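K.L.:
Here is my input; please provide its structure:
(chains A and B)
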Amino acid sequence: MISNTTKLTRENFPINPERATLEGQNKYLGFWFFLCGETVLFACLIGTYLALKNSYSTGLSSNELFEYPLILIATIFLLTSSLTSALAVYEMKRFKFVNMQLWFFITVLLGCSFLALEVYEFIHYVDKGFKFTTSPFSSSFYTLVGFHGAHVSFGILWFLTLMLRNAKSGLSLVNAPKYYLASLYWHFVDVVWVFIFTVVYLLGMVG
Amino acid sequence: MQLARKQSLFKTILEYFVTVDHKKIGLLYLFSGLFFLVCGTVLALLMRIQLAVPENDFLSGQTYNEVMTMHGTTMIFFAATPLIFGLMNYIVPLQIGARDVAFPFINALGFWFFLFGGIFLYSSFLFGEVPDAGWTAYASLAVVSKGHGVDFYLLALQLSGAGTIMSGINFLVTIVNMRAPGMSYMRLPLFTWTSFITSALIIFAFPAFTIGLILLLFSRLFGAQYFNVAIGGNTVIYEHLFWIFGHPEVYILVLPIFGVFSEIFSTFSKKRLFGYNSMVFAVILIGFLGFMVWAHHMFTVGLGPFANAIFAIATMAIAVPTGIKIFNWLLTLWGGSIRLTTPMLYGLGFIPSFIIGGVTGVMTASAAADYQFHDSYFVVAHFHYVIVGGIVFGILGGLHYWWPKMFGYMLNETLGKISFAVLFVGFHTTFFVLHFVGLMGMPRRYFTYLKDQDFGDLNYISTIGSYILVLGLVLIVFNYIYSTVIREKAVNDPWNGRTLEWSIPSPPPMYNFKQVPQVNSLDAFWYEKMKGNSNMSSPDELSDIHMPSNSSLPFFMALGFFIASYGLMFLDKGSNNIAFITLVIGGIIAFGSMVLRSTIEDKGYYITKKQLSEEDPK
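P.N.:
Now for the predicted structure:
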């Protein structure tokens, strides 16, 4: 284990910098536990959505509503951003700070594009008369997808804060776990989207 | 003492606001828990007075609903939970030989979230709009409940629930990562084991409640339609979400109590806990099965015979690991050299009381029979036997047991025994008769009953019992005050204990262990004592100890969310902007402190070797 005072170089930088200190190990483990809780959170939202997805009342039903090309593009943005954040962590482990920041920046851009498309999608639906209070289906749809969107926004803010905060100080064993966890969170949000894409959009296609 | 200099009262209070020390946070939990316990007890008394005689008009129907809702909510979320968290916070790090928890900052944050949640809930009395939909807040009632009462409930529990999840994660990581050398999983004291499983239950159970609360909140504040049955909504969704959380919640509360009693039985029988391995196995099994049984609260909803049968059998299965525990406790007592101290009396009182609660539990688990028991006083009697006879006894026994460790002086034994006896008699008088009232058909949650229903006599006995019960609690609080005044000094190991917390000074220094202990066996300290060592040995040399710095940010973060909650709640009042401004101010405080937290680097500080060796060797 490297003490905090040692000067970090490419040679002595640990292979798993996120777990090189006790604090890092604690954060790493704690964050996995947090993700367990998040899983239950989204499971409950997805369950609620599944229970209500056919209760569209007088409003639009799922196969009348969704705009597939738009959703597909948004999905590609988000899944690619998972790749770029993985590349960022790869660069982090090689102690290449600037490359890492760059990949994270691209991740943020892709995340923002996803979010913009989602906002556009929501506005578009509301224009079609599909409001939050239209039907149990609409309420549960906006809640589930909106919750995911809120998680994406939080992830973007997290990345930006980290990047700004550490722009001058460079990589250390204190901020390596933070970057790593932000990226882990990002992957999680992505996996949730895979479920939403399947359960909400693909299932919505067949009615 | 070098480190604990005399300081002014103001400074001491201030220190509690900024502390990140697990022991101080433990005490904060304990005392705020006791405060809310008193509040909840007063509410319970009001209800018992109302129900003492038929057609009473002491409380109106609406007031009774409010009192009943607040009693249940307070006792579960703001009394039992923090009291257990207090014990866990204080004791678990000591039992595993750690200097602090894994996340001291988050630990403090969890406490402040809980406390502001409690204050938020009770502020509903000031606004005159008190939650009135029962502690379960079923959607069909809660969505249509007038005024802001239920909003107080929703946001208060959202706040304290967030705090609980944080604490759960913190305990899990602490127990996994912070154990002393040699403290393998199968050497963990049982209280630590049960705290571990409880924390795991928390992170899987509470998010379901979070979603349930959010769905209700969106329905009430923003007009979401999930629960609008007229257009295809479904209120049973909320019931599922609530009980997916709510059933594990009772195990969240009772498992640490099993741990407390395991420690007490083993210490005061002067024996190793009988069947330690099977105890650990039983705890894990209870935790697992606890997630499989939630629909037994919903037998009468109409899920169909198939679902009911599965959940009935799963529920009855929980009696098996629970039975294993009961027999192991009895066999720990068997042949031991038993000392009848106050904590031991709580333990001995707990076993029969909890068995009665368990037996009625299996009765209500029979789906067919439950159609008769459901929502009657039989159920009220059942869960009060489990909660008071289990959890409250465990908390009070545990407090008496660890009090000398926490404060450095003993609680008075005579007063302790008298207060236990009064409490025990009062408890059984109050709740035993309610079984019969329930079987006779008296529904729970009704604010009164009629003269010719024959419920009068038994209810009157129950009310008398509740007075005795309260007298017992008053005596206990009196004992706390009396013993504080007398201050009969406690040695490091007053009970001839077995686990690591008894190997360090009472009260422990801020860094707990001067040198991290080497653990060689289950009941680590007992093992060393039997080998003739008076102290634990350590694998390390005495060296500087790194400590986290105090911080006021947890307080302000929780305060921010607390303020924002008021804003959110009153948003619908439209014409005035005060609500919106409150929301924004709260948000700025909360997120501002979060940004500060992530930008200011906390380097902590060191207690040097010199300071450590200057302290008087004890």
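
K.L.:
Just confirm A:Ser61 contacts A:Phe137, I think it does.
P.N.:
Yes: taking contacts as Cβ atoms under 8 Å, A:Ser61 lies within contact range of A:Phe137: 7.3 Å. Using the backbone N, CA and C atoms, a C-beta is placed for each residue, glycine as well.

K.L.:
Spit out the residues that contact these two alike.
P.N.:
A:Asn54 (Cβ atoms under 8 Å, 6 or more residues apart in numbering or on different chains).

K.L.:
which one of the two has more residues nearby?
P.N.:
A:Phe137 (27 against 17; other Cβ atoms under 10 Å in any protein chain shown).

K.L.:
Quick check: the more buried one touching A:Tyr56?
P.N.:
Yes: the criterion here is Cβ under 8 Å, and A:Phe137 meets it with A:Tyr56 at 4.3 Å.

K.L.:
So A:Glu11 versus A:Asn166, what's the distance?
P.N.:
Per Cβ to Cβ, to the nearest Å, A:Glu11 is found 21 Å from A:Asn166.

K.L.:
Same drill for those two, tell me which one is more crowded.
P.N.:
Comparing A:Glu11 with A:Asn166 by other Cβ under 10 Å, the one with more neighbours is A:Asn166, at 20 against 6.

K.L.:
Now for the closest residue in space to the more buried one that isn't next to it in sequence: which residues touch it?
P.N.:
Leaving aside its sequence neighbours, A:Asn166 sits nearest to A:Asn175 (Cβ to Cβ, 6 or more residues apart in numbering or on different chains; 5.0 Å). By Cβ under 8 Å, 6+ apart, the residues touching A:Asn175 are A:Leu162, A:Arg165, A:Asn166, A:Ser169.

K.L.:
any idea which residue sits dead centre in chain B?
P.N.:
B:Thr81 (2.0 Å; Cα atoms, centre = their mean).

K.L.:
Kindly confirm my reading that that one is in a strand.
P.N.:
No: assigned with DSSP: H, G, I helix; E, B strand; the rest coil, B:Thr81 falls outside any strand and is helix.

K.L.:
Flag every residue of the stretch 1-150 of chain B that's near chain A.
P.N.:
B:Ala102, B:Phe103 (Cβ under 8 Å from any Cβ of the partner chain).

K.L.:
quick one, helices of the stretch 1-150 of chain B?
P.N.:
Secondary structure of the stretch 1-150 of chain B, counting by DSSP state H, counting those that start in this stretch: helices at B:9-18, B:22-51, B:61-73, B:81-95, B:104-127, B:139-142, B:149-177.

K.L.:
Look up the closest residue to B:Phe85, ignoring the ones flanking it.
P.N.:
Nearest one to B:Phe85, counting by Cβ to Cβ, 6+ apart, is B:Tyr29 at 4.8 Å.

K.L.:
Only the C-alpha atoms, please, for stretch B:179-194, written as CSV.
P.N.:
Taking C-alpha atoms only, stretch B:179-194 is exported to CSV below (Å, rounded to 0.1, in the frame of the first residue of the first chain):
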residue,chain,number,x,y,z
ARG,B,179,-12.5,-5.7,11.7
ALA,B,180,-9.5,-6.1,13.9
PRO,B,181,-6.8,-8.7,12.9
GLY,B,182,-8.1,-12.2,13.7
MET,B,183,-11.7,-11.1,13.9
SER,B,184,-13.1,-13.5,11.3
TYR,B,185,-16.7,-13.7,10.4
MET,B,186,-17.3,-16.7,12.7
ARG,B,187,-15.7,-14.9,15.6
LEU,B,188,-18.0,-11.9,15.4
PRO,B,189,-20.1,-11.3,18.5
LEU,B,190,-23.7,-12.1,17.8
PHE,B,191,-24.8,-8.5,18.2
THR,B,192,-22.5,-7.5,15.4
TRP,B,193,-23.7,-10.4,13.3
THR,B,194,-27.4,-9.4,13.8
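
K.L.:
ok, residues contacting that stretch?
P.N.:
Here stretch B:179-194 has contacts from B:87, B:91-92, B:95-98, B:175, B:196, B:255-260, B:262-263, B:266, B:273, B:276-277, B:279-280, B:283, B:498-500, B:513, B:516-524, B:539, using Cβ under 8 Å, 6+ apart.

K.L.:
if we can go back for a sec, and the gap between the residue nearest to B:Phe85 and B:Gly110?
P.N.:
Where B:Gly110 is concerned, B:Tyr29 sits at a distance of 9 Å (Cβ to Cβ).

K.L.:
Can you give me the neighbour number for residue 96?
P.N.:
Let's take chain A. 17.

K.L.:
um, chain B though
P.N.:
By the criterion of other Cβ under 10 Å, B:Ile96 has 25 neighbours.

K.L.:
thought it was touching B:Ile175?
P.N.:
Yes: counting by Cβ under 8 Å, B:Ile175 is a contact partner of B:Ile96 at 6.4 Å.

K.L.:
which sections of chain A are below the confidence cut-off?
P.N.:
A:1-6, A:207 (pLDDT under 70).

K.L.:
Give me every residue in it lying close to chain B.
P.N.:
Counting by Cβ under 8 Å from any Cβ, chain A sits next to chain B at A:22, A:25-26, A:29-30, A:33-34, A:36-38, A:40-41, A:44-45, A:47-48, A:51-52, A:54-58, A:132-140, A:143, A:161-162, A:165, A:174, A:178.

K.L.:
So which of these sit within strands?
P.N.:
Using DSSP state E, no member of the residues of chain A next to chain B sits in strands.

K.L.:
Weed out the non-buried ones from these.
P.N.:
Buried positions within those, assessed by neighbour count (16 or more other Cβ atoms under 10 Å in any protein chain shown), are A:25-26, A:29-30, A:33-34, A:36-38, A:40-41, A:44-45, A:47-48, A:51-52, A:55-57, A:132, A:134-140, A:143, A:161-162, A:165, A:174, A:178.
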